[in-house]
Structures are given as C-alpha cells and as structure tokens.
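> Let me see the structure of the following:
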Amino acid sequence: MPSSALSRLPFFRIICALLVTLIALTLGACSMVRLGYDQLPSLTYWWVDSYFDLNDAQSVALRRDLASLHSWHRTQELPKLASLLAELQTQAQQDTTPQRTCQIVDQLKERLQVVLTQTEPGLATLARQLTPAQLQHLAHQLAKREQDWREEWVQITPNKLAERRAERLIERSESFYGRLSASQRALLTASVLANPYDVRLAEAEMLRRHQDLRQTLQSIAQGDDNAEQAQRRLHPMLLRMVDSPNPGYSTQLEQFTQANCRTFAELHNSASATQRQTMANKLQSYQQDLRALAAAS
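Model (predicted):
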C-alpha cells in the first residue's frame, strides 16, 4: 500500500518496471519472468505513449532509448540481482531479523537508484520534445489516475481499507511461502490493524509528485536547455520521487517500512520447513531465470 501512489507516476513506472518485473513479486511461473522481461521495452513504450500521445519522431527515439536501457540492464544489473537472490535463497532456511529484512529493502533501493541515473539522458531527450498539447494530455491522464486511486483507497470505509490491505499482504506472502496457517494470517492481519495507513497523506504525496512532474517537464519543454541542462533539471525531481521532501509522508513511510520489516521477520521465523523450502525454491527459480536472461544478451 505505501507504494500505491508512487506506482501511478508514469516516469516512475518506466524506471522501476525493469526492477519490479525481474524480482517477479506477482508472477506465478518462472517462464513468465523471462517472457515479461523480454517484453518490457514494448510494453513500456505503449504505456508511455498512453500518457503523451507521442509523434513519430518521439516514438522512434523512445523505442531506441528503451532498447538501450533494457540492454544495459540485462548485462549490468541482472547479474547483481541474481546474486542478491542467491544470497536470499541461502538465508531462506534460517531465521531472520527485522534489521536484516530492512537491509534487503535498502539493497533494492540502491539498485533502483542506479536504474534512475541510467534513465536520465533518455528522459531528458523526451522532455525537451514535448509539446503543449502533450503536456495537457499528460495532465488529463494523471487526473484520471488520481480519481482511480481515490476510488480504490480513499472512497471506502476504514474497515474496508484495512481488509483490502490485509488481503494483499496475505496474497503476496503466500506467493512465496505457499498456503499460510490461520495463525500466520492472523499475524499479518494484526500487523495491518496495528499500523493504520493515512490515505490522505498518501493522496497529498501523489498530488505533489504529479505536480512536480508536470512543472519539471513543462519547464524543460518550454525552455531552451541543452540535453545536459535538461538532465540536471530532471535529476532532483527523480530523487524526490524516491525520497519525498514531505516530512509527514516520509515519516509515515519510514514507520511502515520498519513495521513491515518486523512483520516479515516474525512471519518468516514462524514458517515451517516446508514453507521455507517453498520460498527457497521460488528464489532459486527466479535466480536461474535472471541468469538465463543475462546470458542471452
């Protein structure tokens, strides 16, 4: 849930699509990891086009940049992520701690930051080419996303919100461990109830990010910056998408991260030998897929 608003942002979706897909938190079969990864440039292109209604020249440039990003990620980042999964596979059979869990979060965040940096030249190129009509199209699409998000997370009762969060947490956990016991499900549900989520803070952060995105792109599109100057404008905006300057939201997100690390550690330490083996097998399959993808470069 804390990442829901963030994932609605088009540029953030572009830059983290590679990372999220290859970890494959929502994919059920290893073959799907390979298929999804190979299709990312095309899928991302159509997703971006839906936000900007690109012209022919922009389409050619974006496809080229996405192909280059994909090739770089395949050779440079996939081996690093495969090594991380191998480490996690070994640790899956052991008890863990909240601190170790949060270290994994930090490691993934580092990898995301590397991807962010790599995307900046291509994003700057696109930003310099945007027309007023395309910026208006972006604003319209973002407004639609905002309304969809409100319907899903704001315009429901607190009980329904807690129920939805618990359902998703259980579903994601079972994608790694297999069927959870009644006590494990109760643990996850209790963690949700003990950590209520302020959707208004999340909504405010979503709106801040959307405004930040629109203003930054408009300043680049309407200015006469060269490529290097445009990239310097984009860089701080992308950083603000990862680390919010809003202290209230940042505090809530940090509290949620720490709470989730504690909950996951408790869940993992309660896992049976069969559940731990299920997780280890899943991580091994993902690792093998990433290595096969990297070798296919």
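> pLDDT weak spots in the stretch 51-200 of the chain?
Of all residues in the stretch 51-200 of the chain, none has pLDDT under 70.
> give me that answer again for 90
Along the stretch 51-200 of the chain, the model assigns pLDDT under 90 to residues 81, 84-85, 102, 104-119, 152-153, 158, 168, 172, 175, 195-199.
> Going along the chain, name the strands of it.
With DSSP state E, counting those that start in this stretch as the definition, the stretch 51-200 of the chain shows no strands.
> At which residues are the helices of it located?
56-72, 78-91, 98-129, 132-149, 158-177, 182-194, 199-221 (DSSP state H, counting those that start in this stretch).
> If we go by neighbour counts, what in the fifth one is buried?
Residues Leu161, Ala162, Arg165, Ala166, Leu169, Ile170, Ser173, Glu174, Ser175, Phe176, Tyr177 are the ones in helix 158-177 that count as buried (16 or more other Cβ atoms under 10 Å). Backbone N, C-alpha and C define where each C-beta goes, glycine included.
> is it true that the second one touches Val192?
Yes. The pair Ala162 and Val192 passes the contact test of Cβ atoms under 8 Å, sitting 5.5 Å apart.
> overlap in contacts of those two?
Common neighbours of Ala162 and Val192 are not found (criterion: Cβ atoms under 8 Å, 6 or more residues apart in numbering).
> circling back: format the helices of the stretch 51-200 of the chain as CSV; extra columns: distance to Cys261.
CSV is the format used below for the helices of the stretch 51-200 of the chain (distance: least, Cβ to Cβ, whole Å):
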stretch, distance to Cys261
helix 56-72, 30
helix 78-91, 14
helix 98-129, 4
helix 132-149, 25
helix 158-177, 13
helix 182-194, 11
helix 199-221, 19
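> Gln252 is nearest to which of these?
helix 199-221 (5.5 Å; Cβ to Cβ).
> and stretch 111-131, how far from the chain's centre?
16 Å (Cα atoms, centre = their mean, to the nearest Å).
> Ser181 and Met279, how far apart?
15 Å (Cβ to Cβ, to the nearest Å).
> and the two? which has more neighbours close in?
Met279 (22 against 13; other Cβ atoms under 10 Å).
> what's the more buried one in contact with, if anything?
Contacts of Met279 (Cβ under 8 Å, 6+ apart): Ala92, Phe176, Tyr177, Ala271.
> Equivalent analysis for Thr278, please.
Thr278 neighbours (Cβ under 8 Å, 6+ apart): Phe176, Tyr177, Gly178.
> ok, of these, which one's closest to Met206?
Phe176 (28.1 Å).
> Report the contact partners of that closest one.
Applying Cβ under 8 Å, 6+ apart, the residues near Phe176 are Thr278, Met279, Lys282.
> Helix, strand, or coil at the last one?
So that's Lys282. helix (DSSP: H, G, I helix; E, B strand; the rest coil).
> How about the contacts made by it?
Contacts of Lys282 by Cβ under 8 Å, 6+ apart are Ser175, Phe176.
> Report the separation between the residue lying farthest from the centre of the chain and Ala124.
The C-alpha centroid of the chain is most remote from Asp224, which lies 32.1 Å away (Cα atoms, centre = their mean). As defined by Cβ to Cβ, Asp224 lies at a distance of 14 Å from Ala124.
> And stretch 199-211, how far out from the chain middle?
With Cα atoms, centre = their mean, you get 16 Å for stretch 199-211.
> Check stretch 246-256 too.
Per Cα atoms, centre = their mean, the centroid offset for stretch 246-256 relative to its chain is 17 Å.
> Please renumber the chain so that the first residue is 106 from this point on.
All set: I'll call the first residue 106, so the last point we hit is now stretch 351-361.
> buried sites along that stretch?
Tyr354, Gln357, Leu358.
> Inside strands: which ones of those?
Among the buried residues of stretch 351-361, DSSP state E puts none in strands.
> Please identify which of the residues you listed is nearest to Thr149.
Leu358 (25.4 Å).
> Packing partners of the helix or strand containing Thr149?
For Thr149, the element it lies in under DSSP states H and E is helix 135-157. Counting contacts by 3 or more Cβ pairs under 8 Å, 6 or more residues apart in numbering; DSSP states H and E, helix 135-157 is packed against helix 115-128, helix 161-177, helix 237-254, helix 378-400.
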